[in-house]
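>>> Have a look; sequence and predicted model below, questions after that.
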Amino acid sequence: EPEVTQTPSHQVTQMGQEVILRCVPISNHLYFYWYRQILGQKVEFLVSFYNNEISEKSEIFDDQFSVERPDGSNFTLKIRSTKLEDSAMYFCASSESNQPQHFGDGTRLSIL
Amino acid sequence: AQSVSQHNHHVILSEAASLELGCNYSYGGTVNLFWYVQYPGQHLQLLLKYFSGDPLVKGIKGFEAEFIKSKFSFNLRKPSVQWSDTAEYFCACRYNQGGKLIFGQGTELSVKP
């Protein structure tokens, strides 16, 4: 069964540094998403992406965050200047039109 | 604001016990409902979904859920749990095609052999 893949599995970064989280969605999917889960809290929506543009973003997704689909396969989340509170598990997901979302294994981001 | 709440934070059962995990969503419009499971060290996997039609939906691994519109609920059930069902279970909803998922806080299920 096709899978969403995320790299790296764990990223440790100094506060203030830029970080890029990478995702390869399922190849025929059209909708792409990023979520995050701070330890002990709910899975929270960050942003959705369709037709090469952001379709929806949450309040969390401020100017420090950006997403890109640089080629036909990758979908990246960039945090420009990381803060301690950005430490979380970040999940990428993809879906066809009205079908359920498929999730990757996540990237654990630790900000020091 | 749209929200999903799960009633149980941590449930501990013995093998062969019956399971019911509660889930309520806040908004009364057209909604798609999902249960995802996350086994230790693995990604979120879809257990079952409800879009329309028969409110009793069956998923993988013997799980089922019932959509009760009047109660805004979508409870997950399994008649007889196994040790391998130990995992975290997330209820989620979606209000539009291709839209974001709104998750509950998750329920950790521990099944004792």
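All right, it came through fine.

>>> From now on I want contacts and neighbour counts done on CA atoms only, so please keep to that.
Will do.

>>> in chain A, which spans are helices?
Counting by DSSP state H, no segments of chain A form helices.

>>> which bits of it sit near chain B?
Contact residues, chain A versus chain B (CA under 8 Å from any CA of the partner chain): A:31, A:33, A:41-45, A:47-48, A:56, A:95-100, A:102-106.

>>> Now which of these would you call buried?
A:31, A:33, A:43-45, A:47-48, A:95-96, A:100, A:102-106 (16 or more other CA atoms under 10 Å in any protein chain shown).

>>> mind checking how far the most centrally placed residue in chain A is from residue B:109?
The centroid of chain A falls nearest to residue A:34 when counting by CA atoms, centre = their mean (3.4 Å). Distance, residue A:34 to residue B:109, using CA to CA, to the nearest Å: 26 Å.

>>> cool, residue A:15 as well?
According to CA to CA, residue A:15 and residue B:109 sit 35 Å apart.

>>> now swap in residue A:111 and tell me
30 Å.

>>> for residue B:79, same thing?
Separation of residue B:79 from residue B:109 (CA to CA) stands at 14 Å.

>>> The two: which has the busier surroundings?
Neighbour count, other CA atoms under 10 Å in any protein chain shown: between residue B:79 and residue B:109, residue B:109 has more, with 20 against 12.

>>> which residues does the more buried one bridge with?
Per DSSP bridges, the residues bridged to residue B:109 are residue B:11, residue B:87.

>>> Could you point out which residue ranges in chain B have low pLDDT?
Within chain B, the stretches with pLDDT under 70 are B:28.

>>> So which residues on chain B come close to chain A?
So chain B meets chain A at B:42-46, B:49, B:97-106 (CA under 8 Å from any CA).

>>> Which residue ranges of chain A form strands?
In chain A, the strands defined using DSSP state E lie at A:5-7, A:10-13, A:19-24, A:31-37, A:43-50, A:53-57, A:65-68, A:75-79, A:88-95, A:102-103, A:107-111.

>>> So for residue B:92, which of the ones you listed sits nearest?
Closest to residue B:92 of the strands of chain A, according to CA to CA: strand A:43-50, at 9.7 Å.

>>> Dump the closest one to CSV, keeping only the CA atoms.
Extracted in CSV, the C-alpha atoms of strand A:43-50 (Å, rounded to 0.1, in the frame of the first residue of the first chain):
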residue,chain,number,x,y,z
VAL,A,43,-3.1,16.9,17.0
GLU,A,44,-3.5,20.4,15.6
PHE,A,45,-4.0,21.5,12.0
LEU,A,46,-1.4,23.8,10.5
VAL,A,47,-2.0,24.2,6.8
SER,A,48,-3.6,22.6,3.8
PHE,A,49,-2.3,22.9,0.2
TYR,A,50,-4.1,22.3,-3.0
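
>>> ok, and what's touching it?
With CA atoms under 8 Å, 6 or more residues apart in numbering or on different chains as the test, strand A:43-50 has contacts from A:30-37, A:54-61, B:99-105.

>>> go on, stretch B:24-31?
For stretch B:24-31, the surrounding residues in contact (CA under 8 Å, 6+ apart) are B:1-6, B:51, B:71-75, B:93-96.

>>> Return the alpha-carbon coordinates of that stretch using PDB.
What follows is stretch B:24-31, C-alpha atoms only, in PDB (Å, rounded to 0.1, in the frame of the first residue of the first chain):
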ATOM      1  CA  ASN B  24     -18.600  14.100  20.300                       C
ATOM      2  CA  TYR B  25     -18.300  16.900  17.700                       C
ATOM      3  CA  SER B  26     -19.500  20.400  18.200                       C
ATOM      4  CA  TYR B  27     -21.000  21.500  14.900                       C
ATOM      5  CA  GLY B  28     -24.300  20.400  13.400                       C
ATOM      6  CA  GLY B  29     -23.700  20.700   9.700                       C
ATOM      7  CA  THR B  30     -22.700  18.100   7.200                       C
ATOM      8  CA  VAL B  31     -19.700  16.300   8.600                       C
END
